[in-house]
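Asker: can't give you the sequence, but here's the structure:
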């Protein structure tokens, strides 16, 4: 039997153990912060390897007359493929084509080029993220694929020397990481895209790796004409939570993003979507040089490409590292029009004003001077033009919570205190307001494509929501750092969290915090501890 220490020794031991545990916790926390810092530095080093200068160099090479427009199956197309193959090997990718090589041949001399970075996680490495770009173009052009003039080399600098160059930089960035991402990343150069998505269709029907391992596809096509601080991301409806995933990875690049709901059979992402794989496609838009001989390298915005690709790299790395991936949504096929997008985001009809009066603030005075009365609650309460409203709902209007917010937040039966010229002292008027109170002044929709997020469809003028700067189409993600799973939870956060509310929203792919000063209920304040 073990001897039991006396009480003094027991107490001393407890203090020693407690101190050691505290010290251990501090050391563990410091190590955790150090590891996070090292991870952030490694990620930044990888991002820094994506440069405008290298992108411009690659585009100029691929869009040079030497490759004669890179038509699939032509000598120029094969020469371009050989150039890319050499660079893939230099980047240390493992072959993922047929017969242990990088190439998958098909059709009339066409070739897909495939290399893989194997994942580092013993389990997750069996899942594959496909990152692809087509490297072919239309050669000298034909009546079926060119807007003319024909017979001249169509160099296709944007379509798709830009995406092909981008893949080279993404490969290099992945290799800069201290370890491979958890999931495997398959980099693919598709051939024959301009002839009907031949390369991606062939691979999804004859995969060189088991297609059931493919969990996501990111297609890089035409990213060379970034302009007006906005570009498009296609496919955000094909998997749950994809819009939020893109937006959170956009925090450092802060690009203005148009999340286009359209889902067309017009590039190499589509055969993967048809195989029930979620997809994304960054795209800087069509232009007048599209499929013409004048789509040349001197028109490429390589600095814009750098920003787009740094965002793409963050997305790919996030997908390859996270524990669970977005779930495929077949319904995206039926939502894939601009009209569906407009219908979902359409603004609700604004609410009718509650009090039936107009006022103005007078500098140096408290309260608000009434300038107009219409038929309604103000008229029935006996309010007159020239009255000064100094209190409403037992609250003085302030800069943060002005009179309009108090009116909207008040219950139907309330009162206001006024000062009227010619009368001694303030006067209290009973007010019967129509409609329900709105202490925030928002209405929203939710959708299973964006779990834990709501889309604002109404911002009532004069309410705290409008005063905070919220707009229709904004996505609301968090309140005071807290997430919500359903509208009921969001209502609780908006009405029960302490004011002011720090609300995280996403607008056009950009995250920002807005501060909502919600009017407090005087009755609740009176009984608060």
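Answerer: Right, received. Where do you want to start? This structure is a prediction, so every number in the text was calculated from the model and none was measured.
Asker: the stretch 101-250 of the chain: strands as residue ranges?
Answerer: Under the criterion DSSP state E, counting those that start in this stretch, the stretch 101-250 of the chain carries strands at the ranges 103-106, 110-117, 128-134, 184-190, 214-219, 230-234.
Asker: closest to residue 352 out of those?
Answerer: For residue 352, the closest of the strands of the stretch 101-250 of the chain is strand 230-234, at 35.6 Å, according to Cβ to Cβ. All C-beta spots, glycine's among them, are computed from the backbone N, C-alpha and C.
Asker: that older thread, out of the strands of the stretch 101-250 of the chain, which gets the lowest mean score?
Answerer: Ranked by mean pLDDT, the strands of the stretch 101-250 of the chain bottom out at strand 230-234, with a mean of 93.
Asker: between strand 214-219 and that strand, find me the angle.
Answerer: Interaxial angle of strand 230-234 relative to strand 214-219 (axes from the mean of the first three to the mean of the last three Cα atoms, to 10 degrees): 150 degrees.
Asker: can I get the strands of the stretch 101-250 of the chain in a markdown table including mean neighbour count and distance to residue 472?
Answerer: Below are the strands of the stretch 101-250 of the chain laid out as a markdown table (neighbours: other Cβ atoms under 10 Å; distance: least, Cβ to Cβ, whole Å):
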| stretch | mean neighbour count | distance to residue 472 |
| --- | --- | --- |
| strand 103-106 | 18 | 48 |
| strand 110-117 | 25 | 42 |
| strand 128-134 | 27 | 35 |
| strand 184-190 | 27 | 38 |
| strand 214-219 | 25 | 30 |
| strand 230-234 | 20 | 18 |
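Asker: reformat those strands as TSV; add distance to residue 304.
Answerer: Output for the strands of the stretch 101-250 of the chain, formatted as TSV (distance: least, Cβ to Cβ, whole Å):
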stretch	distance to residue 304
strand 103-106	32
strand 110-117	26
strand 128-134	17
strand 184-190	22
strand 214-219	18
strand 230-234	8
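Asker: residue 325: which of the ones you listed is closest?
Answerer: strand 214-219 (5.2 Å).
Asker: coming back round to it: out of the strands of the stretch 101-250 of the chain, nearest to residue 243?
Answerer: Per Cβ to Cβ, nearest to residue 243 of those: strand 230-234, 8.3 Å.
Asker: give me the residues contacting that closest one.
Answerer: 223, 246, 255-260, 262-263, 269, 279-285, 304, 308, 508-509 (Cβ atoms under 8 Å, 6 or more residues apart in numbering).
Asker: domain-wise, how is this protein divided?
Answerer: Annotated domains of the chain cover 40-342, 357-432, 442-527 [automatic domain parsing].
Asker: most packed of the ones you listed?
Answerer: Ranked by average neighbour count under the criterion mean count of other Cβ atoms under 10 Å, the domains of the chain are headed by domain 40-342 at a mean of 20.
Asker: what is the end-to-end distance of that one?
Answerer: One end of domain 40-342 to the other measures 38 Å (Cα to Cα, to the nearest Å).
Asker: distance of residue 40 relative to residue 481?
Answerer: 20 Å (Cβ to Cβ, to the nearest Å).
Asker: how near is the residue sitting nearest the centre point of the chain to residue 230?
Answerer: Residue closest to the mean C-alpha point of the chain, counted by Cα atoms, centre = their mean, is residue 247 at 1.9 Å. Separation of residue 247 from residue 230 (Cβ to Cβ): 14 Å.
Asker: phi, psi for residue 66 please.
Answerer: With angles defined as degrees, to the nearest 10, residue 66 sits at phi -50, psi -40.
Asker: correct me, but it touches residue 76?
Answerer: Yes. Taking contacts as Cβ atoms under 8 Å, residue 66 lies within contact range of residue 76: 7.5 Å.
Asker: mean confidence score for the helix or strand that contains residue 492?
Answerer: For residue 492, the host element (DSSP states H and E) is helix 487-496. For helix 487-496, mean pLDDT rounds to 95.
Asker: packing partners of it?
Answerer: Applying 3 or more Cβ pairs under 8 Å, 6 or more residues apart in numbering; DSSP states H and E, we find helix 487-496 packed against strand 442-446, strand 475-479.
Asker: can I assume residue 429 is in contact with residue 379?
Answerer: No. If you go by Cβ under 8 Å, residue 429 and residue 379 don't touch, sitting 11.2 Å apart.
Asker: and for these two, which residues touch both?
Answerer: If you check residue 429 and residue 379 against Cβ under 8 Å, 6+ apart, no residue is contacted by both.
Asker: so what's residue 53 closest to, chain neighbours aside?
Answerer: Of all residues not flanking residue 53 in the chain, residue 302 sits nearest, at 7.4 Å (Cβ to Cβ, 6 or more residues apart in numbering).
Asker: equivalent analysis for residue 54, please.
Answerer: Leaving out its chain neighbours, the residue that sits closest to residue 54 by Cβ to Cβ, 6+ apart is residue 169, at 6.3 Å.
Asker: what is the end-to-end distance of stretch 99-111?
Answerer: Stretch 99-111 end-to-end distance (Cα to Cα) = 14 Å.
Asker: re earlier: show me the contacts for the residue nearest to the centre of the chain.
Answerer: 257, 475, 506, 509, 510, 511.
Asker: gap between stretch 300-317 and the chain center?
Answerer: 14 Å (Cα atoms, centre = their mean, to the nearest Å).
Asker: ugh, typo on my part, it should be stretch 482-490
Answerer: That offset, for stretch 482-490, works out to 19 Å (Cα atoms, centre = their mean).
Asker: contact partners of it?
Answerer: With contact meaning Cβ under 8 Å, 6+ apart, stretch 482-490 is reached by 444, 446, 451, 452, 454, 476, 477, 479, 493, 497.
Asker: and if we set it to 7 Å?
Answerer: Residues outside stretch 482-490 that contact it (Cβ atoms under 7 Å, 6 or more residues apart in numbering): 446, 452, 454, 493.
Asker: kindly report the same for stretch 321-333.
Answerer: Contacts for stretch 321-333 (Cβ under 7 Å, 6+ apart): 181-182, 215-216, 237-242, 245, 263, 276-278, 319, 449.
Asker: how far does that stretch stretch from start to finish?
Answerer: 27 Å.
Asker: just to revisit the earlier point, between the strands of the stretch 101-250 of the chain, which gets nearest to residue 296?
Answerer: Of all the strands of the stretch 101-250 of the chain, strand 128-134 sits nearest to residue 296, with 18.4 Å by Cβ to Cβ.
Asker: each with direction, which strands does that closest one pair with?
Answerer: If you go by DSSP bridges, strand 128-134 pairs up with strand 184-190 (parallel), strand 214-219 (parallel).
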